[in-house]
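*Asks:* with the sequence up front, the predicted model follows.
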Amino acid sequence: MKIPETILDNLVQRARSLPAGLLNQRKPVFTRETERNLLPSDLANRADFLCFGDVQPSPVEFERLLGTNDLVDEFYLERALLSANPVCRISIRESSGHERGSATGFMISPRLLLTNHHVFGSADEAAPSMAEFNYRLDIAGRPERSYIFQLRPDEFFFNNDALDFAVVAVDPLSVLGDKPLSDFGFHRLIPESGKALLNEWMTIVQHPGGARRQFAIRENQCVADTDPQVVWYVSDTAQGSSGSPVFNDSFQVVALHHAGVPRQDADGNYLLKSGRAVKDLQDVDDADVDWAANAGMRVSCICKCLLEQAPEMNGHLAELKSAMQGGDILTNAYHGSTSTPIANINSRAASPENTGSARVELGRLVLELYNGLNFVPNLVQAFQPGMPITPAAPMAADQSSATAESFKEPIIDTHYETRTGFDKKFLGIPTPLPRVKNPELIAPMLDGRKVIPYEHFSLVLHRDRKLAIFTACNVDGSSKAKFPEPGKNYTRDALTGLGKFEMEKWVIDPRVDARFQIPDAFYNKDKGAFDKGHIVRREDVCFGANYAQVQRANGDTFHVTNCSPQRGNFNRSGLNGIWGKLENFIGAQSGAERYCIFAGPVLSPDDKTFAGTERVMLPSRFWKVICAIKDAKLQVFAFLLEQDVKDLPLEFQVNAQWKPRQMALKDLEALIGIVRFQKAYHTADQM
């Protein structure tokens, strides 16, 4: 998001106290050989924090602290990954639901999130916004599933302009009801100062520019620590993100990322990463700026402000005070370690209350080690004498093999007489079904009807290809329709009735002759060649006036009449599948208004035949036609392919990336061949 000019002006003034030449160079100011001029008490104080949470410091940690070694232990990487869990992408939204920007935040207690004041200047600004956790890529570089939570400033909200922070409550359950907030943990805010020293490296976990989670590891060096409110750090990239936690090497939160000082040319213009110079940053995103140094608001100052000024609301302040003492994600992990817990690693180092001569003595000991004594043995004996390590318990024999998955029929309401199918008046403007040019191609129902009705959708089935000629569905993405009965579980597994390690078994529609349908066995005995691709997307039709109606719509999508064999890398958005991305794009926009969607495969005579349990001609292309209303007029968008978007527009929009995927309806109609759309759709075509 954009940084307010007032914040930039303030930091430019603060930056005058930084080391000479800092704003003009691109390399770290300090090296290992640089004189640090640290007081023994400062070094002793910093060493104390290595033991917080009853953790066992390693010799490498002390060497790194003293500046004699820049290597990291393997557990450093484990701590980094664990520390990322409480960090989230913040979707800053208007009351209409439209996303106007993004930032980073992180949990500091079981229910409270910390970010910047310039992200949420008021409770009203926070109310419509969302926190998205696990917004990251997996080990193969594919998007993982993320979880969105509603912010609750009505339960707790407190911010401070001078220290640029805001604390807001978060709902304990995700908006879909499928993930508790407690699964992501929180970071402990330590009120005591001294968690970072000059020349130390920082780590920042962030969502720069709203992107999936990223780490700035060993790229942020502390270059100034004399400002009572701000910690300064500099790197080659300086890719900061508003509201990110700034960690020391023990992954304790040192500061809340605030903003940065832009690098300037001789004329005082601000420089961008592209090399271009601009007079101001009014219309420039912070991710595009060439930052010379970053500033983080000290956690000790934020804690002091919270403890002295924040009012108690619904018990959340008491919860925060308790969280400052422990129970955080790292401490819990340390206590759950297979190593023997450390009861008290040298009372002088482990006790936060330890002050005065004992701390100075500890600092002198560390400095002596730094100045040439036998480092490792002395340091280990001084801080952790005779520490035994208990080996991890061996894995049980039955833990080494994966549990086999089983197939189960979804919960389906078999009272089919209740189905009314696609509602042609759903948008307030008539949206009639397309026509099939040759009715003889249609596989009829047993009662003679040629359009098969389901909950919120209908389809027409091809008698020879055994696939849908087209489907037609109504979509209502509003929260009221998606979650009509609060407290119910609306996850896919809950609606479908699946248990652990169970997968949906698609079912034959008993209202249609089975010889016109491709059975579920075809997909289960294809050696993984195909996915069972929904033509009508399950999420699109899962809405209603009550839970039973949502569950009925969910079950209806698992009839094999609604299925088409699709390759995984075409169907699934997580595998870069273009069909899945098109569905995600449409679904992302459906939260603001209603839509109608027509979809189906292009049934070409040139399609290749796959010989599995039966011979099936495989369509290689699929189409969707979206109907929306704007200014009381019908809009039509026809697609063969599409891709995901980040924002949630107020009406259906096609961004520039995907214009090549859009085509004129008349061209799509000619391509499909056997389906014809009424004149009203051609008139409303947005191409």
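*Replies:* Received, thanks.

*Asks:* when you work out contacts or count neighbours from here on, use the C-alpha atoms and nothing else.
*Replies:* Will do.

*Asks:* now do the helices in the stretch 551-687 of the chain.
*Replies:* When secondary structure is read from DSSP state H, counting those that start in this stretch, the stretch 551-687 of the chain shows helices at 568-571, 578-589, 665-672, 679-684.

*Asks:* give the contact list for Ile444.
*Replies:* To be clear, residue 444 is Pro; Ile isn't right here. Pro444 sits next to Lys450, Val451, Leu461, Arg463, Val512 when contact means C-alpha atoms under 8 Å, 6 or more residues apart in numbering.

*Asks:* what's the local residue count around the fourth one?
*Replies:* Around Arg463 sit 18 other residues, with neighbours defined as other C-alpha atoms under 10 Å.

*Asks:* next up, the contacts around it.
*Replies:* Applying C-alpha under 8 Å, 6+ apart, we find Arg463 in contact with Leu441, Ile442, Ala443, Pro444, Phe516.

*Asks:* same check, this time on the second one
*Replies:* Remark: with contacts taken as C-alpha under 8 Å, 6+ apart, Val451 is in contact with Pro444, Met445, Ser458, Leu459, Val460, Leu461.

*Asks:* the third one now?
*Replies:* Residues touching Leu461, when contacts are defined by C-alpha under 8 Å, 6+ apart, comprise Ile442, Ala443, Pro444, Lys450, Val451, Leu467, Ala468, Ile469, Phe470, Thr561.

*Asks:* can you list the domain ranges for the protein.
*Replies:* According to automatic domain parsing, the chain comprises the domains 5-32+70-337, 406-684.

*Asks:* in a markdown table, list the ones you listed along with mean pLDDT.
*Replies:* Rendered in a markdown table, the data for the domains of the chain read as follows (pLDDT from 0 to 100):
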| stretch | mean pLDDT |
| --- | --- |
| domain 5-32+70-337 | 82 |
| domain 406-684 | 80 |
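
*Asks:* quick one, phi/psi of Gly210?
*Replies:* The phi and psi torsions at Gly210 (degrees, to the nearest 10) take the values phi 80, psi 10.

*Asks:* surely Arg511 touches Leu446?
*Replies:* Yes - between Arg511 and Leu446 a contact is recorded at 5.7 Å, counting by C-alpha atoms under 8 Å.

*Asks:* A helix includes Ala80, no?
*Replies:* Yes - per DSSP: H, G, I helix; E, B strand; the rest coil, Ala80 lies within a helix segment.

*Asks:* how about it, what does it touch?
*Replies:* With C-alpha under 8 Å, 6+ apart, Ala80 has these contacts: Phe251.

*Asks:* before we move on, the earlier item: which among the contacts of Val451 gets closest to Val246?
*Replies:* Minimum distance to Val246 across the contacts of Val451 is 52.9 Å, recorded for Ser458 (C-alpha to C-alpha).

*Asks:* for that closest one, identify the helix or strand it belongs to.
*Replies:* Ser458 is part of strand 457-461 when elements are defined by DSSP states H and E.

*Asks:* related to what we said a few turns ago, can you put the contacts of Leu461 in TSV and add secondary structure and distance to Ala216?
*Replies:* Listed next are these as TSV, based on DSSP: H, G, I helix; E, B strand; the rest coil; distance: C-alpha to C-alpha, whole Å:
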residue	secondary structure	distance to Ala216
Ile442	strand	58
Ala443	coil	58
Pro444	coil	60
Lys450	coil	59
Val451	coil	56
Leu467	coil	50
Ala468	strand	49
Ile469	strand	51
Phe470	strand	49
Thr561	helix	49
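
*Asks:* got TSV for those, with distance to Gln264 too?
*Replies:* Listed next are the contacts of Leu461 as TSV, based on distance: C-alpha to C-alpha, whole Å:
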residue	distance to Gln264
Ile442	70
Ala443	71
Pro444	73
Lys450	70
Val451	67
Leu467	63
Ala468	61
Ile469	62
Phe470	59
Thr561	63
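
*Asks:* give me the neighbour count for the nearest residue to Ser620 once chain neighbours are set aside.
*Replies:* In space, not counting the residues next to it along the chain, Ser620 is nearest to Asp607; the distance is 6.9 Å by C-alpha to C-alpha, 6 or more residues apart in numbering. Each residue near Asp607 was counted by other C-alpha under 10 Å, and the total is 14.

*Asks:* right, and Asp607 touches Met617 too?
*Replies:* Yes - counting by C-alpha under 8 Å, Asp607 does reach Met617; the two are 5.8 Å apart.
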